[in-house]
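Structural data only, the sequence is not supplied:
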């Protein structure tokens, strides 16, 4: 049914948002915190780690 109008990723995103909105306040807040994304990259050369850099920094309130 969803395949004609939505990509799979969009379908999952809509379903996840609807599920989080249906939760009670405390569980909803915990689920929203888990949904946050951070990304850090570190280049390796000759078996040694180089400096790492944040692509998407974590928010202070996540930790």
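All right, it came through fine. Not measured: the values here are computed from a predicted model.

Relative to residue 32, how far out is residue 10?
Using Cβ to Cβ, to the nearest Å, residue 10 is found at 19 Å from residue 32. Where C-beta positions appear, they are placed from N, C-alpha and C, glycine not excepted.

Same question for residue 20.
Distance from residue 20 to residue 32, by Cβ to Cβ: 6 Å.

Have a look at the two and say which one is more surrounded.
Neighbour totals were compared for residue 20 and residue 32, and residue 20 leads with 16 against 13 (other Cβ atoms under 10 Å).

Remind me which helix or strand that one belongs to.
In the assignment (DSSP states H and E), residue 20 maps to helix 8-22.

what residues does that helix touch?
2, 6, 28, 31-32, 35 (Cβ atoms under 8 Å, 6 or more residues apart in numbering).

could you give me the average pLDDT of that helix?
The pLDDT scores in helix 8-22 average 88.

Per-residue pLDDT of residue 63, please?
At residue 63, pLDDT is 44.

hang on, residue 55 in a helix?
No - looking at residue 55 with DSSP: H, G, I helix; E, B strand; the rest coil, it is strand, so not inside a helix.

What count of nearby residues applies to it?
Counted with other Cβ under 10 Å, the neighbours of residue 55 add up to 9.

Excluding chain neighbours, what is closest to it?
residue 39 (4.2 Å; Cβ to Cβ, 6 or more residues apart in numbering).

list the contacts for that neighbour?
Neighbouring residues of residue 39 by Cβ under 8 Å, 6+ apart: 54-56.

swap in residue 58?
Residue 58 neighbours (Cβ under 8 Å, 6+ apart): 36, 38.

Just the element for it, please.
Using DSSP H and E, residue 58 sits in no helix or strand.

Next one: it relative to residue 47, how far apart?
Counting by Cβ to Cβ - residue 58 and residue 47 are separated by 28 Å.

ditto for residue 22
The gap separating residue 22 from residue 47 is 49 Å, by Cβ to Cβ.
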